[in-house]
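Trainee: Just to be clear, the model below is a prediction. Sequence and coordinates:
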Amino acid sequence: MAAAARIADEPAFVLHSHDWSESSLILETFCRHRGRVVLVAKGAKKPCSNFRPVLLPLQPLALTYTLAGDGSAEIHTLKGAEWLGGHVLPTGDALLSGLYMNELLLRLLARDDPHPALFDAYAGVVRVLASEHGDALEPVLRSFELLLLRAIGLLPSLAVQTMAAAPLHADQRYTLEPEGGLRAASAADRAGLPGHQWQALQRALDDSASPGAALRACAPVCAELKPQLRALLQYHCGSPMLRTRQLMLDLQAL
């Protein structure tokens, strides 16, 4: 019998885990070169397991695993996990924000669909969440939402009106809606941005040579972007409401 194919030292993050047996876990992971991958970590819940202190969310890891069967199976077997260090686990609002990103990836990313640039953006946001730069929390989340939507083909061009395919006027306000894309804002729309700001966001997304371009473009318009991107993301995630989003609302209501 041929030996199972092996993936070694794959940069990854754990998005979610749940019990598989009394001693093992099923892991949803986000891998740089392999995309969203499901792994079984046998014996990970045992007190003596080397996996136990390592398999945590929002921590950079290098994973080694074997592919089940011909590699097309949904669940593969974890063989090794190394913490790459660099930062501690985020806390408070930063932790909730990280779990929110994880839920978005679980709901929106197809399995085995690599997105290395999105992985790098995610890793960068996690580093910010683990730092004490609380003022950067909103900009990094908005930029990640934009990059995620674009990576999976759910973000319309921000340089033109979606339905009319007409250019934007620099000083006219436009709003991004789930079903109609970018359109001219009406008096009833509470959220919107001038055309020149939408165009700046599009240029930043197109600037692959500058990883921080999207972050810088989002910084001055975070408050206006937030409700529009949240509505678009929830639309594509479907029901029910994102659990982390509901948790944030519940905490704000206390």
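Mentor: That came through fine.

Trainee: shaky segments in the stretch 101-250 of the chain?
Mentor: For the stretch 101-250 of the chain, applying pLDDT under 70 flags the ranges 249-250.

Trainee: Which stretches in it count as helices?
Mentor: Secondary structure of the stretch 101-250 of the chain by DSSP state H, counting those that start in this stretch: the helices cover 116-130, 137-151, 195-206, 213-218, 222-237, 243-253.

Trainee: Mean neighbour count and distance to Pro90 added to the ones you listed, as TSV?
Mentor: C-beta: built from backbone N, CA, C; applies to glycine. As requested, the helices of the stretch 101-250 of the chain are exported to TSV (neighbours: other CB atoms under 10 Å; distance: least, CB to CB, whole Å):
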stretch	mean neighbour count	distance to Pro90
helix 116-130	20	4
helix 137-151	22	10
helix 195-206	19	25
helix 213-218	21	17
helix 222-237	17	19
helix 243-253	12	13
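
Trainee: could I get the ones you listed as a markdown table with distance to Asp171?
Mentor: Formatted as a markdown table, those follow (distance: least, CB to CB, whole Å):
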| stretch | distance to Asp171 |
| --- | --- |
| helix 116-130 | 31 |
| helix 137-151 | 22 |
| helix 195-206 | 7 |
| helix 213-218 | 18 |
| helix 222-237 | 15 |
| helix 243-253 | 33 |
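
Trainee: Relative to Thr91, which of those helices is closest?
Mentor: The closest of the helices of the stretch 101-250 of the chain to Thr91 is helix 116-130. By CB to CB, the value is 8.9 Å.

Trainee: Just want the angle from that closest one to helix 137-151.
Mentor: Orientation check (axes from the mean of the first three to the mean of the last three CA atoms, to 10 degrees): helix 116-130 against helix 137-151 gives 170 degrees.

Trainee: Could I get the buried residue list for stretch 93-109?
Mentor: 94, 96-105, 108-109 (16 or more other CB atoms under 10 Å).

Trainee: can you tell me which residues contact the one residue sitting closest to the centre of the chain?
Mentor: By CA atoms, centre = their mean, the chain has its centre lying nearest to Met101, at 4.2 Å. By CB atoms under 8 Å, 6 or more residues apart in numbering, Met101 lies in contact with 122, 125, 141, 144.

Trainee: Next: Leu148.
Mentor: Leu148 neighbours (CB under 8 Å, 6+ apart): 104-105, 108, 118.

Trainee: Surely Gln59 is in contact with Pro11?
Mentor: No: in this structure, Gln59 is not within contact of Pro11 by CB atoms under 8 Å, at 11.7 Å.

Trainee: Comparing these two, which residue is more hemmed in?
Mentor: Set side by side, Gln59 and Pro11 show more neighbours around Gln59, with 21 against 18, by other CB atoms under 10 Å.

Trainee: For Gln200, give its distance to Leu146.
Mentor: You called it Gln, but residue 200 is Ala. 12 Å (CB to CB, to the nearest Å).

Trainee: and if you look at Glu103?
Mentor: For Glu103 relative to Leu146 (CB to CB), the value is 17 Å.
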